[in-house]
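In: Pasted the sequence and its predicted model underneath.
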Amino acid sequence: MSSVTTGTMKGYVFVGDNHAELREVPIPTIGYGEALVRMRLASICATDLKIIDGRLPGRTGTVLGHELVGEVVAVGEGVRGYEIGQRVYVPGDTPCGQCYECLGNSNGRGCHTDGTIAAFHFAVLRDGAHAEYVAVPYAQANLTPIPDTVTDEQAVVMTCGGSTGFGGVESSDLRMGDVVAIVGQGPVGLAATVAARLRGAGQVITIDVVPWRLEMSKRVGADIAIDARQVDVVDEVRRLTGGWMADVAIEAVGTPDTFLTALRLTRPAGTLSSIGNYGMRGSLTLPLDAGAFMGGIGEKRIITTTSPGGKERGRRLMHMIAHRKFDLSPLITHRFNLDDIGAAYDLFRDRREQVFKVAIHPQS
Ligand SMILES: [Zn+2]
Ligand SMILES: [Zn+2]
């Protein structure tokens, strides 16, 4: 233990009954393998809303949030190689780094240590990022030093949503020259658009229903952005691709309707990469017709992934930003202080004022 910070802090706590509030809570104590990080910048994710709404399991009394850039305040036993005051990227998913899954996959996908889904600890098993301090589990496997040339805003947008969007393209095995169609151009879908371009897609087609999202989509690299309120999306993609359809369709919304759209956009033997978070109520049904599941003989590959965590993943993302391969910080459209985080959540939930990402600063 390098230093001790005790007392109370402000934290935005899920209090149950579809409600959260800013409370004075104890500064977390850290145990073996953990690090205490002081929040420099956090951001709000749609997953935070789903926890409040009960669409994802949360725990009453827990601090919300999992998108965080901070600086190291103290490290627990077993954590080496970090300096006090060092600026770090904290992935939204914090795999253990030591289980068979983690050792076989540097992103830590499939890490179910502690019984979490995809190593999602913050705001589920433990207090999360929307507070002045955060205790990070498996710190040595997850804390990524941030290069001086990378800003807090550039880094924080990658901690969950950005990493998810990139991961959706990686797991699709998109080939150079492929047609990719991305359903949903919120922060996650926009990150997928950037990643598809970086990966060498031949044609990037994006789909949304919100005009300013479609505009941003073109700004970050879509060849064509389709307004799903104006045209039949499947017909339009058929027309734009001369009947080929999408080699890779990416679902980045998380509803049964958009999943079905993505399935219909996926050509035979193509890949549907699903990165939307659907919540855990209801069900998906797959029509068997030739335009959809093709009776099961269409050789379509369906893969679902979420935000890859771990410091090796973080290192590569920071490396790309430092060398100016992309910059998703323009997605941060609004900034609030922690004292006003309730208003920040309201704005994000209501999607007013052309909001993409809302950043939270610890104080004014
Ligand atoms: Zn998130
Ligand atoms: Zn693990």
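Out: Looks like it arrived, so ask away. Numbering: from 1, shown residues only. Ligands and ions are numbered 1, 2, ... in the order given.
In: For the residue in the stretch 151-300 of the chain positioned nearest to ligand 1, give me its contacts.
Out: Residue nearest to ligand 1 within the stretch 151-300 of the chain: residue 160 (3.1 Å; Cβ to the ion). Just so you know, the C-beta spots here come from the backbone N, C-alpha and C atoms, and that holds for glycine as well. Residue 160 makes contact with 45, 47, 66, 67, 91, 92, 93, 307, according to Cβ atoms under 8 Å, 6 or more residues apart in numbering.
In: Also residue 51?
Out: Neighbouring residues of residue 51 by Cβ under 8 Å, 6+ apart: 14, 57, 58, 64, 123, 124.
In: Please identify the next secondary structure element, helix or strand, after the helix or strand hosting the first one.
Out: Using DSSP states H and E, the element containing residue 14 is strand 8-16. As assigned by DSSP H and E, the chain's next helix or strand after strand 8-16 is strand 19-26.
In: Now do that next one: which elements does it pack against?
Out: Packing partners of strand 19-26 (3 or more Cβ pairs under 8 Å, 6 or more residues apart in numbering; DSSP states H and E): strand 8-16, helix 341-350.
In: elements contacting the shortest one?
Out: Okay, so that is strand 8-16. Checking 3+ Cβ pairs under 8 Å, 6+ apart, strand 8-16 ends up next to strand 19-26, strand 62-63, helix 341-350.
In: again, 7 Å this time
Out: Here strand 8-16 touches strand 19-26, strand 62-63, going by 3 or more Cβ pairs under 7 Å, 6 or more residues apart in numbering; DSSP states H and E.
In: where exactly do the helices run in the stretch 201-350 of the chain?
Out: Per DSSP state H, counting those that start in this stretch, the stretch 201-350 of the chain carries helices over the ranges 211-220, 233-240, 256-265, 311-322, 341-350.
In: Tell me which residues touch the residue of the stretch 251-364 of the chain at minimum distance from ligand 2, please.
Out: The minimum distance from the stretch 251-364 of the chain to ligand 2, using Cβ to the ion, falls at residue 310 (8.9 Å). By Cβ atoms under 7 Å, 6 or more residues apart in numbering, residue 310 lies in contact with 91, 95, 97, 106, 107, 108, 141, 142.
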